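**Student:** Just a sequence and a predicted model for now, questions to come.
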Amino acid sequence: MAERPRGFRRLVAAVVLVIVGVLAAGAYVWRDDILRTQLDPKEPFQTYDPPPAPDYAQRSAWALMPRAPENPTDAEPAADVFFVGPTTFDGGRHWNAPIDDPQADRLFRRVMAPNYAGPFVKVGRLFAPRYRQASLYTLMTLREDAKEARRFAYSDVAAAFRYYLAHYNEGRPIVVVGVEQGGSLAARLLSDAVARDPGLERRIAAAYLIQTVVPSDDAPLPPCLAPRQSGCLAAWAQAYEGDPERAQAILDRSLVWGEGGQLVNLQGRTPICFNPLFGGVVDGQAPARLNQGATNATGLEWGVRPAFLTRQVGARCEKGLLRVSRPHSASLKPSGSWTDRRRMAPYNLFYADLEADAVGRVEGWLARR
């Protein structure tokens, strides 16, 4: 067989390179859509068979729990912290995560617990239920299936809270903490279980809903206006200064709880904006010198107190959003994969501020009682 002319071989190679380049460019342009498609369960929620329900009588159903939850000791803090963690399950085959998913559990223990539950270790005994969380994919779409998955996740959180109250609380003051998806679920918990029970509401020392949109005209608790105020709500969603697209996306796409447990659009309402640097829902610019300590606690062994970086960020409330200046340290800047950048950051800009704030509110609650 005669050898192909060199010019022909070069032409074929050039065509192949062009095709590869076009495919690569298309993959880059539509990468978000491609990755979303990979995470889509591609099954209607109505026909979806969810993972088995957790049994909160079993220790395995709790990601964090005291060693002897039924027998608090004098050496432990005076309060309890009910912590609803953020999204750690990406999606794929499931709308809602199995509570024993190893990757989701590893992400909680390595990243989310040290950075977001860590500030409350000194505040109270920590109870963090594992729950069949809605996948990361459900936070990227407004499809009704995704809303159903988020409503389904709430049923576990409500069941865990009921079990905790019945078996572990024994009348102690409670700090409710929810982060991102967990913050949204905790907001409904406060409305459904706490605000309707005056006796239980009196036990709430404070509630912190981090990276959570809560309409100011429909808050389940009065907003925290000053340090050491108890029985109040500290809620905020934050965006960096100089990132108007992110800020607008929060206002345009955030879903909040409406009548009958439905998830509805914010519809132009102004969210509560608690400024952790001021310790209250306060207008004005909080300078970076007020920042008591940001940290990247990712990978630290549970219970190890992280090193703090002070004066890292300033913050101000604008149109219901907390606008935060860019941190100075490279360890406090976004990184990671596409999915990593859509989850809660692997650092906490307000770690020491939240710790001091929560300690003060529990002390205020105890002083008044």
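**Tutor:** Cool, got the structure.

**Student:** Find the nearest non-adjacent residue to Asp145, please.
**Tutor:** Counting by Cβ to Cβ, 6 or more residues apart in numbering, Phe45 is the residue found nearest to Asp145 once chain neighbours are left out, at 4.2 Å. Every C-beta, even on glycine, is put in place using the N, C-alpha and C of the backbone.

**Student:** What number of neighbouring residues does the closest residue to Thr87 other than its chain neighbours come out with?
**Tutor:** Counting by Cβ to Cβ, 6+ apart, Thr87 lies nearest to Gln181, which is 4.6 Å off, once chain neighbours are set aside. For Gln181, the neighbour count with other Cβ atoms under 10 Å is 28.

**Student:** For Gln181, give me its contacts.
**Tutor:** Taking Cβ atoms under 8 Å, 6 or more residues apart in numbering as the criterion, Gln181 is in contact with 86-87, 133-134, 139, 150, 153.

**Student:** State the distance from it to Ala113.
**Tutor:** 15 Å (Cβ to Cβ, to the nearest Å).

**Student:** Quick check: Leu142 touching Leu263?
**Tutor:** No. No contact is recorded between Leu142 and Leu263 when judged using Cβ atoms under 8 Å, the distance being 9.0 Å.

**Student:** what touches both of those two?
**Tutor:** In contact with both Leu142 and Leu263: Leu255, using Cβ under 8 Å, 6+ apart.

**Student:** which one of those two has more residues nearby?
**Tutor:** When Leu142 and Leu263 are compared on other Cβ under 10 Å, the one with more neighbours turns out to be Leu263, at 19 against 11.

**Student:** what ranges do the strands span in the stretch 201-350 of the chain?
**Tutor:** Assigned by DSSP state E, counting those that start in this stretch, the stretch 201-350 of the chain shows strands spanning 204-210, 232-236, 238-240, 255-257, 263-265, 285-286, 315-318, 321-324.

**Student:** Also the stretch 1-150 of the chain?
**Tutor:** If DSSP E, counting those that start in this stretch is used as the criterion, the strands of the stretch 1-150 of the chain fall at 62-64, 79-84, 124-129.

**Student:** Among these, which comes closest to Asp105?
**Tutor:** Ranking the strands of the stretch 1-150 of the chain by proximity to Asp105 (Cβ to Cβ) places strand 62-64 first, at 7.3 Å.

**Student:** What residues of that closest one count as buried?
**Tutor:** Using 16 or more other Cβ atoms under 10 Å as the burial criterion, the residues of strand 62-64 that qualify are 62-64.

**Student:** okay, these in JSON lines with distance to Trp257 and pLDDT next?
**Tutor:** Compiled in JSON lines, these are given as follows (distance: Cβ to Cβ, whole Å; pLDDT from 0 to 100):
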{"residue": "Trp62", "distance to Trp257": "25", "pLDDT": "98"}
{"residue": "Ala63", "distance to Trp257": "24", "pLDDT": "98"}
{"residue": "Leu64", "distance to Trp257": "25", "pLDDT": "98"}
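
**Student:** Mind listing what's buried along stretch 251-266?
**Tutor:** By neighbour count with 16+ other Cβ under 10 Å, stretch 251-266 contains the buried residues 251, 254-257, 263, 266.

**Student:** Repeat that for stretch 186-200.
**Tutor:** Along stretch 186-200, these residues count as buried under the neighbour rule (16+ other Cβ under 10 Å): 186-194.

**Student:** sorry, back to before: so which of the strands of the stretch 201-350 of the chain is the most surrounded?
**Tutor:** Per-residue neighbour counts averaged over each of those give the maximum for strand 204-210, namely a mean of 27 (mean count of other Cβ atoms under 10 Å).

**Student:** Could you check the angle it makes with strand 79-84?
**Tutor:** 30 degrees (axes from the mean of the first three to the mean of the last three Cα atoms, to 10 degrees).

**Student:** Any chance of the buried residues of stretch 186-200 in TSV with secondary structure and pLDDT as columns?
**Tutor:** Listed next are the buried residues of stretch 186-200 as TSV, based on DSSP: H, G, I helix; E, B strand; the rest coil; pLDDT from 0 to 100:
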residue	secondary structure	pLDDT
Ala186	helix	98
Ala187	helix	98
Arg188	helix	98
Leu189	helix	98
Leu190	helix	98
Ser191	helix	98
Asp192	helix	97
Ala193	helix	97
Val194	helix	98
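
**Student:** Let's have those residues in JSON lines, adding distance to Asp218.
**Tutor:** JSON lines is the format used below for the buried residues of stretch 186-200 (distance: Cβ to Cβ, whole Å):
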{"residue": "Ala186", "distance to Asp218": "15"}
{"residue": "Ala187", "distance to Asp218": "10"}
{"residue": "Arg188", "distance to Asp218": "11"}
{"residue": "Leu189", "distance to Asp218": "15"}
{"residue": "Leu190", "distance to Asp218": "11"}
{"residue": "Ser191", "distance to Asp218": "8"}
{"residue": "Asp192", "distance to Asp218": "13"}
{"residue": "Ala193", "distance to Asp218": "16"}
{"residue": "Val194", "distance to Asp218": "14"}
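
**Student:** I figured Asp105 was touching Trp62, is that so?
**Tutor:** No. Contact status for Asp105 versus Trp62: not in contact, 11.8 Å apart, counting by Cβ under 8 Å.

**Student:** anything in contact with each of those two?
**Tutor:** Applying Cβ under 8 Å, 6+ apart, one finds that Asp105 and Trp62 are jointly contacted by Arg130.
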